[in-house]
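Please find the sequence and the predicted model below.
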Amino acid sequence: MINLETPRKFRAFVNQAHQVAAEMLRPNSRRYDLAEHEYPVELDMLAAMVDGLGASGTGSGAGASGVRRPSAGEEGVVNGSNLSSVLSIMEMCWGDVGLLLSMPRQGLGNSAIASVASDEQLQRFDGVWAAMAITEPDCGSDSANIQTTARLDGDDYVLNGEKIFVTAGGRCDAVVVWATLDKTLGRAAIKSFVVMKDTPGMTVERLEHKLGIRASDTATIRFENCRVPRSNLLGTADIDKGFAGVMQTFDNTRPLVAAMAVGCARASLELTRDLLAEAGVHVDYDRPIHLQPAAAATYLSMEADWEAAYLLTLQAAWMADNAQPNSLQASIAKAKAGRTANDITLRCVELTGTLGYSEHELLEKWSRDSKILDIFEGTQQIQQLIIARRLLGKTSAELK
Amino acid sequence: MSLQEKTRGRRDAIGVGVALLNKLARWRAIDRFGLRKPAERVVFEATKTGFRTAGALSRRFSAATKLTGPSRLPAAKGTGRFDLTPTEDQQMMVDVVRSFASDVLRPAASAADTACATEAKVLESSAELGLSLIEVPEELGGIVTERSAMTGVLVAEALAYGDMGQAVACLAPSAVSTAISLWGDETQQATYLPSFTGSSVPAAALALVEPRPVFDPFSVRTRFTGGLLNGVKSLVPRGAEAELFVIGAQTDAGPRLFVVEADHPGVVIEAEPSMGLRAASLSRVILTDVPAVPLGSLDDYAECVRLSRLGWCALALGTARAVLDYVTPYVNSREAFGEPISHRQSVAFMVANIGIELEGMKLVTYRAGSRATQGLSFAREVALARRLCTEKGMQIGTDGVQLLGGHGFVKEHPVERWYRDLRAIGVMEGAVLV
């Protein structure tokens, strides 16, 4: 039966996440935006609480472990951890995207581990805070072209290369690193490795100063003859089953980033609506849009786009829960949510004037934060390429 | 001379002739003495603006047996789970309607567009599908035991995939049966519904929109005073053959719905061929001192407006999907500069954006339909769906033509028709109901 409401069994848990966002993240939002690179100590306590929630089986705070695909056999329609993860992330990012990205043990690296790790690895890396390292100085969207190498030497892989834009790279316990086993073999030779922070040969070189999500640290990490146990290679070492494996991570993590965008945009919409109401502008859902003030009409258009982004995100997660292939829908959700959040947050600043532009409110911050959500985990343009190739049945060689 | 004066101009010889004909047609005596020939309806279908006809009449509506109170469909009970899977019944219905849309509506679309009419046998077979039974309770001869707006959405979407104009023509009677089923009292239900559940479903139409800029269905000019309706309704599907109308009109307390039988001399139908939806034989309905009975309450009127908007969103989904499925093989096979044009990002990204926005429109519309079915509030969700389907639907329509270039502009391809049809979303109020 078609139903797009929040599942009944998740309602209490979503409310919990909202309380955390409202009482813990929001009050610290401006502080860590201004004090970039300062460690948000409040999060340690919060993480412990989220671990507690996870143990009680209600899903995870930032969806780190939540994106593992279910094994077949469950009866009927499943509302599982993928769905609970995006719902939770939406609430937390309504609070603060940067702080969510700094939540201990909830990194995108954890999602990667959850997506592709073996059961043994999953157990071994339990409780590890893992960041994700893909981008390099000369390689961004064309992730098949990465230059970091992993050479097998005895029971170790030896890693060499430089990774940039590693979210939580400074604070995490481990980094999931993409590296190639053989540059001549192209994408099939790309594998991901879990590298613990204390591994010799791995150095955090610097932290970036950014436009937004300043509460989250973004690191540059260098690997020089860094030896990693061969058992830390995620998934299979088989070269013919290569790239699809690491790329599969994205089917699970893109809905999470879409959820961040949905949460951030909702924060902007809600505050803007309150401020407009104080100014005497009310939104009417029944009256034709062209008979309402331009600000209300703009608001309605933004809310409509938001609703689409929100439901597309839920759809992608729901499909993952039900073991349906969702590459297309994951990219659609990411594309729509990324551009919509950026557009909404910026237009909300325009609608609210100096209230929105000044640091009195968080609207200006949200419109700085939102920009990254249309960039990381695959830019808008990369999502469009993926969607177009899927719809048109084209390979990456045909549609470049 | 200003541009306005120029375009308005003076009436020329032909114009005078037409104006005379116009007056003649309005002369009621012709009808009373049976002078009007059946052939005139054929003239009407050929649609020259200004030709008029009287309301159609062929049957007498009367209450045979009635219940002691109105029959009301209860809200469907939700499962509490997020789910995008239709029920088995819905899937069966949609499968049947889909093959009807692709086997019957799509092949007939171009001719119906040109003729400004949907063929009688198409209308008959659509009635056989039971379109007007979807919202009528079992105890009144329908097929449902609970609210089924979501089924209505899926059916309208599937029909419009074939052709939006004919879909509107086919769905017009069910808008009336649905309205009477949802909001009629026991007398109205007993009087009218048996015709819609019988073997020959009458032409009937739900008329809300009026001809003026920034029309607001919550402030209409058609008025109900002293038991009589006066006003003009616009873009009424199959108005000339309709035997029954549900009309929105202003009362002192606010707008309400009214049931009007078409055979009153104060009902005049005027052809109103438009940019698209031509197969729906769009008409104006002019009401002069027409007796009418209220149908439902002020709140029911608001719900009617919302459910009708929802129906138009569903139609937009079907047509937009038709665009995507048509342009996809086209851009893959059309070559320029030595390769398929789909190998260019400027082309491929347009297709991607159609895919992205269509998927969003669909989910937002489904959420509204599902909430209506479950008896939850849905004004907000309908408003958002309407916004999206109006804006993105039209964008998809215009991109569909653009992707075919000059070929999209000529009638050898259906994209120009879909472009015209999709402009109706956001303009239309009434006519369909889920």
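Structure received. Predicted model, so just to flag it, every value in this text is computed and none were measured. Residues are numbered from 1 along each chain as shown, chains lettered A, B, ... in the order given.

before we move on, what SS does residue 216 have?
In the absence of a named chain, this looks at chain A. Secondary structure state of A:Ser216, per DSSP: H, G, I helix; E, B strand; the rest coil, is coil.

Where does the stretch 151-300 of chain B get nearest to chain A, residue-wise?
Using Cβ to the nearest Cβ, B:Val214 is the residue of the stretch 151-300 of chain B that sits closest to chain A, at 5.0 Å. Glycine gets a C-beta too; all of them are placed from N, C-alpha and C.

dump the residue contacts of that residue.
Contact partners of B:Val214, counting by Cβ atoms under 8 Å, 6 or more residues apart in numbering or on different chains, are A:288, A:290-291.

what separates it from A:Glu36, distance-wise?
B:Val214 is 49 Å from A:Glu36, where distance means Cβ to Cβ, to the nearest Å.

pLDDT wise, what is residue 225 at?
In the absence of a named chain, chain A is used. The model reports A:Asn225 with a pLDDT of 98.

could you do chain B instead?
96.

got it, and the one 10 residues further on?
Looking at B:Leu235, its pLDDT stands at 98.

Give me the sheet partners of the strand or helix carrying it and which way each runs.
If you go by DSSP states H and E, B:Leu235 is part of strand B:228-236. Within its sheet, strand B:228-236 is paired with strand B:223-225 (antiparallel), strand B:283-291 (antiparallel), according to DSSP bridges.

Follow the chain on from the longest one and name the next helix or strand.
The first helix or strand that comes after strand B:283-291 along the chain, using DSSP H and E, is strand B:293-295.

distance between stretch B:392-401 and the chain's centre?
20 Å (Cα atoms, centre = their mean, to the nearest Å).

now the residue in the stretch 201-350 of chain B that chain A sits nearest to, nearest residue through space, not along the chain?
Per Cβ to the nearest Cβ, B:Ala348 is where the stretch 201-350 of chain B lies closest to chain A, at 3.8 Å. Closest residue to B:Ala348 in three dimensions, ignoring its sequence neighbours and counting by Cβ to Cβ, 6 or more residues apart in numbering or on different chains: A:Ala388, at 3.8 Å.

what distance separates stretch B:405-413 from the centre of its chain?
For stretch B:405-413, the distance to the chain centre is 26 Å (Cα atoms, centre = their mean).

again but with stretch A:108-115, I slipped
Worked out by Cα atoms, centre = their mean, stretch A:108-115 lies 11 Å from the chain centre.

now swap in stretch A:109-127 and tell me
Centre-to-centre, stretch A:109-127 and its host chain are 17 Å apart (Cα atoms, centre = their mean).

Now do that stretch: distance from first to last residue.
Start-to-end span of stretch A:109-127 (Cα to Cα, to the nearest Å) is 12 Å.

Ignoring the adjacent residues along the chain, who's closest to the closest residue to chain B within the stretch 101-250 of chain A?
In the stretch 101-250 of chain A, the residue that lies nearest chain B is A:Ser141 (13.0 Å; Cβ to the nearest Cβ). Excluding the flanking residues, the one nearest A:Ser141 by Cβ to Cβ, 6+ apart is A:Ile382, at 4.9 Å.

which parts of the helix or strand hosting the one you found are buried?
In the assignment (DSSP H and E), A:Ile382 maps to helix A:380-392. Within helix A:380-392, the residues that count as buried by 16 or more other Cβ atoms under 10 Å in any protein chain shown are A:380, A:382-392.

pLDDT at the residue nearest to B:Val410 when sequence neighbours are not counted, what is it?
Excluding its sequence neighbours, the residue lying closest to B:Val410 (Cβ to Cβ, 6+ apart) is B:Glu416, at 7.1 Å. Per-residue confidence (pLDDT) for B:Glu416: 98.

Tell me the spacing between B:Glu416 and B:Ala336.
Look at B:Glu416 and B:Ala336: by Cβ to Cβ, they are 21 Å apart.

swap in B:Val323?
The value you get for B:Val323 to B:Ala336, if Cβ to Cβ is used, is 21 Å.

between these two, who's got more neighbours?
Set side by side, B:Val323 and B:Ala336 show more neighbours around B:Val323, with 24 against 11, by other Cβ atoms under 10 Å in any protein chain shown.

For B:Ala205, pull up the helix or strand it's in.
Taking DSSP H and E as the definition, B:Ala205 sits inside strand B:204-207.

Output that strand as PDB - backbone C-alpha positions only.
The C-alpha trace of strand B:204-207 is given here as PDB (Å, rounded to 0.1, in the frame of the first residue of the first chain):
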ATOM      1  CA  ALA B 204     -21.200  14.700 -17.300                       C
ATOM      2  CA  ALA B 205     -18.700  17.300 -16.200                       C
ATOM      3  CA  LEU B 206     -17.300  19.000 -13.100                       C
ATOM      4  CA  ALA B 207     -17.100  22.700 -13.900                       C
END
